[in-house]
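For reference, the sequence and a predicted model appear below.
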Amino acid sequence: MSMNGFGLASTLASILSTAAVLASVGASAQPQSVGRVVLAPHRAVYDLVLDDDKPATSIEAARGRIAFDFTGDACEGYVLSFRQVTQVSSSEGGPRTIDARTTSFEAGDGASYRFKTESSAGGAPAEIVDGSVQKSGGGYEIKLSAPKPETVRQTTDALFPNAQMKAVIEAARAGKTTLNVRLYDGANSGKEVYDTLSVIGKRIEAKPSEAPLQRPEFETLARWPVSISYFKVDSGETTPSYTISFELYENGVTGAIKLDYGSFALRGTLTRLDLLPKQDCAK
């Protein structure tokens, strides 16, 4: 995952909502009816540390935090507010702080998407990418207002983050072990598109290790180990740009995350989870 705000921020956010995020039928996280995926509105905080299981080529230490709010539904659309602050120490340049923020809105029917990302490193001025996307005619049109006004037309369809997450949950419920999806999430320059490969493991029966998930609302919810690799379209690369692994609940909540950037990886522990009220929506 590029350190430019997730592709950094928006991509992880899609997984977590995330994104993400890519569901419960309410803040009580009750089991869902088969065939309908409902993403639960929630607020979450993850503490990040360097993953010692993956040798880092130049990173000596890393720690950080992810905080986000995810609200909305298929009737009114989905709203995400996301921030990740990571302090990275390398053998080459010493410590630096990377601050990535994303806000986004995705229409409930998956036909349109708005986003704004701000990312900075080492106290430098923030890089801003601001745009909107509308699907039409089997493709979609990207209109960017920052970093400069620009319109880009894509003739091949792609899913937006929440539609992607629903597709992963549907595949997991159906017992599928892999899922290929083309994704647009506004990452990096706002013009990049990714082919994603999701690898889905068997349903996890053991109790979750993270304290915020050890609550009655989650005891009957299905969850699966998922790993999603992101390949930049038309790059010709066979190695993913980045990979995100996590435990995915059927309401879109995620735990035990791992962010693999290639040269190093971060492991995230869920330290806070608030299930938020939701409106009635039959979609």
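Looks like it arrived, so ask away.

And the strands in this structure?
Applying DSSP state E to the chain gives strands spanning 42-50, 59-73, 77-90, 94-106, 112-121, 127-136, 139-146, 150-154, 178-183, 194-200, 223-232, 242-249, 254-260, 265-275.

In the chain, which helix is the longest?
Longest helix of the chain, by residue count under DSSP state H: helix 161-173.

Next, the angle strand 59-73 makes with it.
Per axes from the mean of the first three to the mean of the last three Cα atoms, to 10 degrees, the angle that helix 161-173 makes with strand 59-73 is 90 degrees.

Just the CA trace of helix 161-173, in CSV.
The C-alpha trace of helix 161-173 is given here as CSV (Å, rounded to 0.1, in the frame of the first residue of the first chain):
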residue,chain,number,x,y,z
PRO,A,161,-15.3,0.4,-1.7
ASN,A,162,-18.5,-0.5,0.1
ALA,A,163,-19.8,-2.4,-2.9
GLN,A,164,-16.5,-4.3,-2.9
MET,A,165,-16.8,-5.1,0.8
LYS,A,166,-20.4,-6.4,0.3
ALA,A,167,-19.2,-8.6,-2.5
VAL,A,168,-16.5,-10.1,-0.3
ILE,A,169,-19.0,-10.9,2.4
GLU,A,170,-21.4,-12.4,-0.1
ALA,A,171,-18.6,-14.6,-1.4
ALA,A,172,-17.6,-15.7,2.1
ARG,A,173,-21.2,-16.6,3.0
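
helices or strands next to that helix in the packing?
helix 12-16, strand 94-106, strand 178-183, strand 194-200, strand 223-232, strand 242-249 (3 or more Cβ pairs under 8 Å, 6 or more residues apart in numbering; DSSP states H and E). C-betas here are computed from N, CA, C, even on glycine.

returning to that earlier point: right, so of the strands of the chain, which gets closest to residue 209?
Each of these has some distance to residue 209 by Cβ to Cβ; the shortest is strand 254-260, at 7.0 Å.

Check the model's average confidence along that closest one for me.
Per-residue pLDDT over strand 254-260 has a mean of 93.

picking that back up, among the strands of the chain, which is the most enclosed?
Most buried of the strands of the chain, by mean neighbour count (mean count of other Cβ atoms under 10 Å): strand 242-249, with a mean of 24.

Who are the packing partners of it?
helix 12-16, helix 161-173, strand 223-232, strand 254-260.

Now render the ones you listed as CSV, adding distance to residue 270.
Output for the helices and strands packed on strand 242-249, formatted as CSV (distance: least, Cβ to Cβ, whole Å):
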stretch, distance to residue 270
helix 12-16, 10
helix 161-173, 17
strand 223-232, 12
strand 254-260, 5
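
Mind telling me which of those the model trusts least?
Going by mean pLDDT, the lowest-scoring of these is helix 12-16, which has a mean of 36.

Name all residues that make contact with residue 90.
58-60, 96 (Cβ atoms under 8 Å, 6 or more residues apart in numbering).

Can you lay out those residues as CSV showing distance to residue 47 and pLDDT?
Below are the contacts of residue 90 laid out as CSV (distance: Cβ to Cβ, whole Å; pLDDT from 0 to 100):
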residue, distance to residue 47, pLDDT
58, 23, 78
59, 17, 84
60, 19, 87
96, 19, 88
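
Need these in CSV (columns: distance to residue 140).
CSV is the format used below for the contacts of residue 90 (distance: Cβ to Cβ, whole Å):
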residue, distance to residue 140
58, 37
59, 36
60, 42
96, 35
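
Of those residues, which is the nearest to residue 202?
So of the contacts of residue 90, ranked by how close each gets to residue 202 (Cβ to Cβ), first place is residue 59, at 32.6 Å.

thought that closest one was touching residue 263?
Yes - counting by Cβ atoms under 8 Å, residue 59 touches residue 263, with 7.0 Å between them.

Quick one: closest of the strands of the chain to residue 169.
Closest among the strands of the chain, using Cβ to Cβ: strand 242-249, at 6.9 Å.
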